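Asks: how would this look folded up:
(chains A and B)
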Amino acid sequence: MNKKIFIRIKRKDNPESESYWEDFKVKAHGRMSLRFVLQSIQKNATNAKGERVAPIVWEGTCGEGSCGGCGMVVNGKAVLACETFIENVGDSLTLEPLHKFVVLRDLMIDRSKIDHHFSEVLNLKPLDGLHFLPVQEKINLDQIFIDLSRCIHCGLCMEACPQFHDKSPYLGAGPLAELQLFNMLDSHWKKSVRQEILTGPHGIDHCGHAQSCEEACPKGIPLVEIMAGAHRDATVSFFKKVFG
Amino acid sequence: MMASLSLLEMGMPVRLVSYHPPQFSNSVKNRSGFCVAANPKEPSDSPEKHFEETLQYGEYLANQSLVREMCYKAPEILNLLSRLGIVFHQTPEGNPDFRTSEGTRFFRLVTMPVSFGRRLLYLLDGQLKRYEKEGLLARHEGLELASTLLNAKGALCGVSFINKKTLSVEALPADAVVLCTGGYGGIFSNSVSSSFTCGGAMGVFYRSGACLANPEMIQFAPAASFGGDQIFSIVNAMLSCGARYRIIGESFSSYPLEEKYPLWKNRVAYDEVVKLMVDRPSHFYLDLTHRPKSVVLARLSEIEDLVHQFGKTSLTKNPVPLNISVLCSLGGLWVDENLMSNVPGLFAAGNCQYQYHGASLLEGNMILASLVSGIKSATQAVYYTSGLEQENISQKILEEEIKKQEGINRDLVVLSGAETINHLFEELRNQLFHGLGPVRSEKDLIGLEKFIVQMRERASHIHLSDVSRFLNEELLNARRFNSALDIAHAAVKAALYRKESRGSHHRVDYPKRNDETFLKTSKVVYSSSGPQIAYEDVDTHLVAPKERKYC
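Replies: Numbers count the residues shown, from 1 in each chain, chains lettered A, B, ... in the order given. Predicted structure coming up:
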């Protein structure tokens, strides 16, 4: 059954302008995703006062929780719009862009910081040519490997983490989890470089065990366990350095 | 990205231009895995069998030499992917676990526990980032292709782009472009492809003189649909686990594919499944409830999460409801055996070119074809440019093009008609799915062609609600709409002229395949009076075409 829902959206015309709120009323039913609601507003960009306005600008292409682009704050909680349904968030919504990143326009953020942080942990073994020789080392398909592979680089863990902000060099739970994944993929390749990142100024020391990363993760990655493992690795690495 | 990696491995500097970052590519949704004839437990399988089945599946419309090359390359690609860091489902011995797939009787499909497309994109992107740090790769994201520049000989000499943030136009000289912008499945409703996959860049080249080939070929496939706004391409992954197509009515239940095709059962081509679904669209399901819960959850954990999230159900408890969807487009830019289009210097790889699949796509071949064509087009682009005479396009021409494109943007912003671009796109998508859908007729196609002509007129009476000069998605959508209309018109015209049924092109008025007249590639050229259709013989010198049977 369709009903009218009230949506308040925090808008911004460009990175330099001031934010402002705009209200919309949209017909929706329980199983409609927020993504669909935003698309409805795009098709009929009329605010609650009946004025024609510019359509809301937001990102995300896949619609099924695979690309990580539609992260936003809904009623104070960081979620993916495509995986959030009206029946779970109620008839009155507040939508804001993720707070910890530069807002380009409306609900679209500058993802370069997320991308940069994930790139910092990238130390992939060179492919050594597009030849057909098989891989030398077999990798076990453990559950932790599968869990770590689910990351969609959405940045919601960074949004939720109290230690991740402008004044902190912390890479964030997602990139450090990805670092653990690469340790499993290439156990001998550049392990020392990855350990330097983990124990360095951007690394695991910043983690305060708030556990909000795991709560925010839309893919259910056990980040608490992974961060604990990273802490353990960092401690072992420290003792090896000191005592040899 | 595979084309870029190939070029970089050859020591060539690369400029990689895209609208979106890699993770927003359509490939993130690919969970179907990868077909390769390399199963040590299938001694009767071989790349030759893979080749024959691919041809048969596509009803022999694919040029055979390229398909053969792709199937023989597949085992090498499997090793390449393993070295890249893709870890497939494994046997207890730790070797890739080959499973069943649609379109083949052999156990040939390798799958991942997470989205194969997404992991592949991240790992390829990771390799490219390495080159970027070394200064060999220049990456330009957020650019939309606006126009192409051809020299006096009709060869490519430059391209112009619109910056999606600032809407400024930049024009760059280019001796060769490898286009990897995907297909045009997004011009249909009920499409697994995102709405961005509307053939924008392909349409720009088409208008400049590049031919399209087989644009009428669209792969329709069953997809999971839970009544919401989204459909999910998870069928092949479920089939790999032993899923069965099931019809559930008020008082009956049956397994129609197993009854109709006792030998192939649930592994027949998608277009055969869709033909059965057309008659009873709301009763078709894919059932995994007969399989042990532990097996299903071990292999399909991510899909179980998706089904739980979007459908509030479980693979192990309830059959998954299906709907007919557009999986992808099979046609695209016409390219020769070197993957170069009729515009010298324009190469195409992946879904934006027409080779490899013919009239129907084996889903496990989709990423294989993209990777193989990426490597091949890059190699051929290098050969092409190494033989070129140095001819620099003048700065004056580039500046004139910039002014021209900026003028088009300004003209769009001041339009003050009654239509909106989002409504026009929605209407186009719905009409195309209905008229150019899984079941086609002359009456529907003629009606659709008239509708497209009217759409062109209506598109000149739009207004933009967004007149901002920053991140104006509506303006870019308006530009893409013209390309989408061009491609839609080409597809409809080619479908009207192809008076037979072959693979995913099914005409109720011509239900039989006609090799004598139509074992040919439709070649479409743009003209202001409408698409011009011609035909080209298909290369069939390796395997003689025969009827596609499942017995």
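
Asks: wait, residue A:121 sits on residue A:172?
Replies: No - here residue A:121 does not reach residue A:172: they are 10.0 Å apart, not a contact under C-beta atoms under 8 Å. C-beta: built from backbone N, CA, C; applies to glycine.

Asks: if I look at the residue positioned nearest the centre of chain A, how far off is residue A:98?
Replies: Closest residue to the average C-alpha location of chain A: residue A:155 at 1.9 Å, with C-alpha atoms, centre = their mean. From residue A:155 over to residue A:98 the distance is 7 Å, taken as C-beta to C-beta, to the nearest Å.

Asks: re earlier: return the residues in contact with the residue nearest to the centre of chain A.
Replies: Counting by C-beta atoms under 8 Å, 6 or more residues apart in numbering or on different chains, residue A:155 touches A:68, A:71, A:98, A:101, A:111, A:114, A:172, A:174.

Asks: same deal with residue B:416?
Replies: Taking C-beta under 8 Å, 6+ apart as the test, what residue B:416 contacts is residue B:463.

Asks: And residue B:122, by the same measure?
Replies: If you count contacts by C-beta under 8 Å, 6+ apart, then residue B:122 has A:153, B:22, B:23 around it.

Asks: residues near the last one, how many?
Replies: Each residue near residue B:23 was counted by other C-beta atoms under 10 Å in any protein chain shown, and the total is 24.

Asks: Same question for the second one.
Replies: Residue B:22 has 22 neighbouring residues, counting by other C-beta under 10 Å.

Asks: Same question for residue B:44.
Replies: Using other C-beta under 10 Å, residue B:44 is surrounded by 7 other residues.

Asks: residues contacting residue B:182?
Replies: Contacts for residue B:182 (C-beta under 8 Å, 6+ apart) come out as B:25, B:26, B:193, B:197, B:350, B:351, B:352.

Asks: on that earlier part again, overlap in contacts, residue A:155 and residue A:98.
Replies: Counting by C-beta under 8 Å, 6+ apart, the residues touching both residue A:155 and residue A:98 are residue A:71.

Asks: Out of the contacts of residue A:155, list just those in helices.
Replies: Counting by DSSP state H, the members of the contacts of residue A:155 that fall within helices are A:114, A:174.

Asks: now that we have the contacts of residue A:155, which one has the most neighbours?
Replies: In terms of neighbour count, residue A:71 stands highest of the contacts of residue A:155 at 29 neighbours, by other C-beta under 10 Å.

Asks: Mind listing what's buried along the longest strand belonging to chain B?
Replies: Secondary structure of chain B per DSSP state E: the longest strand is strand B:320-329. Within strand B:320-329, the residues that qualify as buried by neighbour count (16 or more other C-beta atoms under 10 Å in any protein chain shown) are B:320, B:321, B:322, B:323, B:324, B:325, B:326, B:327, B:328, B:329.

Asks: Can you name the residue of chain B nearest to chain A?
Replies: Of all residues in chain B, residue B:76 sits closest to chain A, at 3.4 Å by C-beta to the nearest C-beta.

Asks: Report how many residues lie close to that residue.
Replies: Under the criterion other C-beta under 10 Å, the count of neighbours that residue B:76 has is 18.

Asks: Where does it fall, secondary structure wise?
Replies: According to DSSP states H and E, residue B:76 maps onto helix B:64-84.

Asks: Just the CA atoms of that helix, as CSV, please.
Replies: The C-alpha atoms that make up helix B:64-84 are tabulated as CSV, following Å, rounded to 0.1, in the frame of the first residue of the first chain:
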residue,chain,number,x,y,z
GLN,B,64,34.2,-18.4,-35.7
SER,B,65,38.0,-17.5,-35.7
LEU,B,66,37.6,-15.1,-32.8
VAL,B,67,35.4,-17.4,-30.8
ARG,B,68,37.9,-20.2,-31.2
GLU,B,69,40.7,-18.0,-30.1
MET,B,70,38.8,-17.0,-27.0
CYS,B,71,38.0,-20.6,-26.0
TYR,B,72,41.6,-21.7,-26.5
LYS,B,73,42.8,-18.8,-24.5
ALA,B,74,40.5,-19.5,-21.5
PRO,B,75,42.8,-21.9,-19.6
GLU,B,76,45.6,-19.3,-19.9
ILE,B,77,43.2,-16.6,-18.6
LEU,B,78,42.3,-18.9,-15.6
ASN,B,79,46.0,-19.0,-14.6
LEU,B,80,46.3,-15.3,-15.1
LEU,B,81,43.4,-14.7,-12.8
SER,B,82,44.8,-17.0,-10.2
ARG,B,83,48.1,-15.0,-10.3
LEU,B,84,46.2,-11.8,-10.1
